[in-house]
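Chemist: one predicted model, sequence on top.
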Amino acid sequence: MTNKKVALLYSGGPDSTTLLFDLIDQGREVVALTFDFGEAEGYKELIAAKSIIERVGVEHHFFDFSGPLKEFYGLKQPQFMRGAQWTTMQTPPVNESEDIQPFGSSIALLLAASWAVKNGIEDVFYAVHAEDARFTDNKLDYFSLLSDVTSKCEGEQFRIKFHTPYISIRKHEVFEKGASLEVPFNETWSCGKGLEAHCGTCPTCHERAGAFAVNGIQDPTLYINEFAQVLEPNSL
Ligand SMILES: [Zn+2]
């Protein structure tokens, strides 16, 4: 495989948007992949992703797996990427734990890897950061093992390398980098609730607001509920 293109798992969130701008800034030819797995925030993420991709003009592919996955798991709203996270935190949310699907992130990453192989791409980028790496499915050895799976499965010439360049920096440092790259944060989406605007109370909204606050960046986000307090990243 000699194609210099790289694939980016792109959600329309502030982290993957910063990585998108970062890769473009490095002169990489980026192909952005957006998956909808039927999660509550999928629709809002897609709107954000399309808006930002239109701005930067890179190749973008959207794949809607929401219908088949809802049918496959028999759920209205599968939480596809969060199984290991809740397992690690040992705090499954009431009435939601049954909606978490096992191996969700592996399936998503290997879908991206499969698409990459079919399109002559050998590098897949994923914007996890240091806070994400507290979860078992966001650790370096996990991504390394998944790369090994691709070569064991199809041969070394089809090895997909998963790149996680932000895995050792904090979310607020990703935001700092994003600000220097003039990322349009106001167009990005973080909230896990899928409401008309950011809810302001869910963990991802708190992380988002905290990252702006640490950097002294004015938060352009419209929150439905104003924060009683902005949590520091250390408390998340
Ligand atoms: Zn929220």
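Modeler: It's in.

Chemist: for the rest of this, base every contact and every neighbour count on C-alpha atoms.
Modeler: Noted.

Chemist: ok, now which ones touch Ala48?
Modeler: Shown in contact with Ala48 (C-alpha atoms under 8 Å, 6 or more residues apart in numbering): 12-13, 187-189.

Chemist: poorly predicted segments of the protein, please.
Modeler: 1-3, 80-99, 227-236 (pLDDT under 70).

Chemist: tell me where it has helices.
Modeler: 14-25, 42-56, 66-73, 83-89, 104-118, 140-154, 171-180, 203-215 (DSSP state H).

Chemist: hmm, back to that, and the contacts of Ala48, which are buried?
Modeler: 12-13, 187-189 (16 or more other C-alpha atoms under 10 Å).

Chemist: switch those residues over to JSON lines; also include distance to the ion.
Modeler: Converted to JSON lines, the buried ones among the contacts of Ala48 look like this (distance: C-alpha to the ion, whole Å):
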{"residue": "Gly12", "distance to the ion": "15"}
{"residue": "Gly13", "distance to the ion": "12"}
{"residue": "Glu187", "distance to the ion": "15"}
{"residue": "Thr188", "distance to the ion": "13"}
{"residue": "Trp189", "distance to the ion": "9"}
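
Chemist: could you give the bridge partners of Gln79?
Modeler: Ile100 (DSSP bridges).

Chemist: give me the neighbour count for the residue lying closest to Asp148 once chain neighbours are set aside.
Modeler: Counting by C-alpha to C-alpha, 6 or more residues apart in numbering, Arg159 is the residue found nearest to Asp148 once chain neighbours are left out, at 7.2 Å. In terms of burial, Arg159 registers 22 neighbours under the definition other C-alpha atoms under 10 Å.

Chemist: now swap in Lys118 and tell me
Modeler: 11.

Chemist: show me the contacts for Leu8.
Modeler: Counted by C-alpha under 8 Å, 6+ apart, Leu8 has contacts 16, 20, 30-33, 124-126.

Chemist: quick check: the residue lying closest to Lys177 once chain neighbours are set aside vs Gln77, distance?
Modeler: Computed as C-alpha to C-alpha, 6+ apart, the closest residue to Lys177 that is not its neighbour in sequence is Thr18, at 7.1 Å. Using C-alpha to C-alpha, to the nearest Å, Thr18 is found at 28 Å from Gln77.

Chemist: the more surrounded of these two?
Modeler: Taking other C-alpha under 10 Å, Thr18 and Gln77 do not tie; Thr18 has more neighbours (26 against 19).

Chemist: surely the more buried one touches Gly178?
Modeler: Yes - using C-alpha atoms under 8 Å, Thr18 makes contact with Gly178 at a distance of 4.8 Å.

Chemist: my guess is Cys202 meets Leu195, correct?
Modeler: No - counting by C-alpha under 8 Å, Leu195 is not a contact partner of Cys202; they are 11.5 Å apart.

Chemist: which ones among the contacts of Leu8 are found in strands?
Modeler: 30-33, 124-125 (DSSP state E).

Chemist: nearest to the ion, of those?
Modeler: Leu33 (23.1 Å; C-alpha to the ion).

Chemist: what separates the closest one from Asp25, distance-wise?
Modeler: For Leu33, the distance to Asp25 - C-alpha to C-alpha - is 18 Å.

Chemist: again with Gly192
Modeler: For Gly192, the distance to Asp25 - C-alpha to C-alpha - is 29 Å.

Chemist: the more surrounded of those two?
Modeler: Set Gly192 next to Asp25 and count neighbours by other C-alpha under 10 Å: Gly192 wins out with 19 against 11.
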